[in-house]
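[1] Have a look at this prediction, sequence included:
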Amino acid sequence: MAGPLEGIKVLEFTQIIAGPFGGMMLADMGADVIKVEPVEGEPWRVALEFIPGESKTYMSLNRGKRSLPLDLTKPEAVEIVHDMIREIDVVVINARPDVPDKLGIDYETLSAVNPRLIYCDNTAFGRNGPDSYRPGYDLIIQAMSGLMAAEGKIRDGVPQLITSTAVADFATGIAVAWGVCAALFHRERTGQGQKVETTLLGTALGVQTGSFMEIDAFDAERRAEFLAVLNAMRESGASYEDMHEQYVQIVSPWRGGNIYYRTYQARDGALAVACLSDRLRKRVADVLGIDDPRFSPGFDPFDEETIAHSEELVKQAEKLFREKTVDEWLETFDSVGVPAGPVRFVQEMLDHEQVEANGLSVKLEHTLAGPVKMVGPIISMSETPLEARSASPALGEHTDEILASMGYSQDEIVALKSGGVTR
């Protein structure tokens, strides 16, 4: 069976994470994705490269694609793009805001050649507003969107980035694939192409749903108080650490100890417990044999005495968890229906039976690196199954194949290579 995007042709002008990840998901859906990159290769090919031109970062984000290096500062390269665009369904680009116009690969230019074109333009901040001209990476967006401050990790007096994953980048990659699929569906019904715009800032705000929300009756006064304090502290040169303390005190006044949604040290490792309803919290309290006032009539989470008592309960719980192994705790929580799981390193998941059982890892053969095992498609579809069809391409691996399919002779391809137009 073919994938849901079988027959769709994608031309991808992307680098680093967001655009490449979105393009890779389209490739998993069956699209023919041609990655246009500089003649020397995109920057992440040489980020911690283990063989010339290949790195895990690049390989992990570009499977299923074909490589076409082009020097887009040369008119011959732009001519190739304009020739291709007549047969292309989708363009994905994540460049600095001024780059597409300069290179002649902007939406207006390409859609004039192919009005049915879906053009997904990803930028850091969007095409409008005072920051629209700025380039931006995940770190900058974490800082400017509030994600970093909300994380609450402070070292040497300054906030630290979320390092486990580039959360804005990867979430935006999903938004790229989502937007492209929606636009293709619209085109199927109407015949119209369109421009799709995604932004790292929009995605970073979108994943902060509860925080990026204000209810007049509940939040407005508290927010106004915090902003007034914050502005005064900035004017006085206060430290970030002091400002963050005010954030906690004013915006998040509930400072009680957290027993039910956190990790614990057990006798032989660590585990996580996640309870987001009082029904589940009560089960944990019963298992631990602790008396939590939250289950008593008239419970007030903001009462100072309640906060002090809850912090004492945290100490009790931490001591109790150390008395049993992770497996013993998991068996206990499974028996009463409490969500819990062991803390693992991602390297442990490559061969894990849960991962294998759901097809979440795939084995591929890379042209230069050999066998590769990596995460598979993140969704499954019963009638149009997704497939990781090939490993990431070597630089220029498909140049001859792509240009020959467009009618270029071998002599013309050799001349383009000799002239530095392609590789």
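    Yep, that arrived.

[2] which residues in the stretch 1-150 of the chain form helices?
    Secondary structure of the stretch 1-150 of the chain by DSSP state H, counting those that start in this stretch: the helices cover 18-28, 56-59, 75-84, 99-103, 107-113, 138-145, 147-151.

[3] Mean confidence (pLDDT) on stretch 167-176, please.
    Regarding stretch 167-176, the rounded mean pLDDT is 98.

[4] Run through who's touching it.
    16-25, 92, 120, 122, 137-138, 141-142, 145, 147, 196, 198-204, 206-207 (CB atoms under 8 Å, 6 or more residues apart in numbering). In this view, the C-beta of every residue, glycine as well, is placed from N, C-alpha and C.

[5] how distant is it from the center of its chain?
    Centroid separation between stretch 167-176 and its chain, computed with CA atoms, centre = their mean, to the nearest Å, is 4 Å.

[6] Ok, stretch 36-54 next?
    The chain centroid and the centroid of stretch 36-54 are separated by 21 Å under CA atoms, centre = their mean.

[7] Now that stretch: average pLDDT?
    Taken as a whole, stretch 36-54 carries a mean pLDDT of 94.

[8] Offset the numbering so it begins at 7, please.
    Happy to do that; since the first residue is 7 now, the last one works out to stretch 42-60.

[9] coming back round to it: okay if I get the helices of the stretch 7-156 of the chain as CSV plus mean neighbour count?
    Formatted as CSV, those follow (neighbours: other CB atoms under 10 Å):
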stretch, mean neighbour count
helix 24-34, 27
helix 62-65, 20
helix 81-90, 18
helix 105-109, 16
helix 113-119, 16
helix 144-151, 20
helix 153-157, 18
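
[10] who wins for proximity to residue 186 among those helices?
    For residue 186, the closest of the helices of the stretch 7-156 of the chain is helix 24-34, at 6.3 Å, according to CB to CB.

[11] got the angle for that closest one vs helix 144-151?
    Taking axes from the mean of the first three to the mean of the last three CA atoms, to 10 degrees, one finds helix 24-34 and helix 144-151 inclined to each other by 110 degrees.

[12] Residues contacting helix 24-34, please?
    For helix 24-34, the external contacting residues (CB under 8 Å, 6+ apart) are 9, 11, 14, 16, 18-20, 39, 41, 50, 67-71, 96, 98-100, 126, 128, 174-176, 178-183, 186, 204, 206, 382-384, 392-395.

[13] Of all the helices of the stretch 7-156 of the chain, which one is nearest residue 378?
    Closest to residue 378 of the helices of the stretch 7-156 of the chain, according to CB to CB: helix 62-65, at 6.6 Å.

[14] Residues contacting that closest one, please?
    Under CB under 8 Å, 6+ apart, the answer for helix 62-65 is 48, 50, 51, 53, 54, 56, 372, 375, 378, 380, 397, 398.

[15] Could you take those residues and lay them out as CSV, with extra columns for distance to residue 418 and neighbour count?
    Putting the contacts of helix 62-65 into CSV (distance: CB to CB, whole Å; neighbours: other CB atoms under 10 Å) gives the following:
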residue, distance to residue 418, neighbour count
48, 25, 22
50, 30, 21
51, 26, 23
53, 33, 12
54, 36, 9
56, 35, 9
372, 29, 17
375, 31, 17
378, 34, 17
380, 36, 17
397, 29, 23
398, 27, 29
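
[16] what's the closest of those to residue 76?
    Within the contacts of helix 62-65, the smallest distance to residue 76 is 11.7 Å, found for residue 48 (CB to CB).

[17] so what's that closest one up against?
    So, once contact is read as CB under 8 Å, 6+ apart, residue 48 ends up touching 20, 21, 22, 64.

[18] residues contacting the first one?
    The neighbours of residue 20, taking CB under 8 Å, 6+ apart as the test, are 26, 28, 29, 41, 48, 98, 99, 100, 128.

[19] try the third one
    Each residue near residue 22 by CB under 8 Å, 6+ apart is listed here: 48, 49, 50, 100, 143, 175.

[20] Tell me the one among those residues nearest to residue 166.
    Residue 166 has its nearest neighbour among the contacts of residue 22 in residue 143, at 15.7 Å by CB to CB.

[21] Need the pLDDT of the nearest residue to residue 423 once chain neighbours are set aside.
    Distances taken as CB to CB, 6 or more residues apart in numbering put residue 429 closest to residue 423, at 6.3 Å, once the chain neighbours are dropped. Listed pLDDT for residue 429 reads 97.

[22] Give me the helix or strand of this structure that scores worst on average pLDDT.
    For the chain, scoring each helix and strand by mean pLDDT, DSSP states H and E identifies helix 310-327 as the least confident one, at a mean of 86.

[23] buried set for that one?
    Buried residues in helix 310-327, defined by neighbour count with 16 or more other CB atoms under 10 Å: 312, 313, 315, 316, 319, 323, 327.

[24] pull the longest helix from this structure.
    Secondary structure assigned by DSSP state H gives helix 173-196 as the longest helix of the chain.

[25] Report the angle between that one and helix 24-34.
    Relative orientation of helix 173-196 and helix 24-34, computed by the same axes, to 10 degrees: 50 degrees.

[26] Distance from the chain centre to helix 173-196, please.
    Centroid separation for helix 173-196 versus its chain: 14 Å, with CA atoms, centre = their mean.

[27] After that helix, which helix or strand is next?
    Of the helices and strands lying after helix 173-196 in sequence (DSSP states H and E), the nearest is strand 200-205.

[28] can you dump the C-alpha coordinates of the following helix or strand past that following strand into CSV?
    The helix or strand immediately downstream of strand 200-205 is helix 206-212, counting by DSSP H and E. These are the backbone C-alpha positions of helix 206-212, laid out as CSV (Å, rounded to 0.1, in the frame of the first residue of the first chain):
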residue,chain,number,x,y,z
LEU,A,206,9.1,29.2,16.0
LEU,A,207,7.6,31.9,18.2
GLY,A,208,4.0,30.8,17.4
THR,A,209,4.8,27.2,18.2
ALA,A,210,6.6,28.0,21.4
LEU,A,211,3.6,30.0,22.6
GLY,A,212,1.2,27.4,21.3
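
[29] Let me see the contact set for residue 335.
    So residue 335 contacts 270, 272, 277, 327, 346 (CB under 8 Å, 6+ apart).

[30] switch to 10 Å and redo it
    For residue 335, the contact set (CB atoms under 10 Å, 6 or more residues apart in numbering) comprises 270, 272-273, 275, 277, 279, 293, 326-327, 329, 344, 346, 348.
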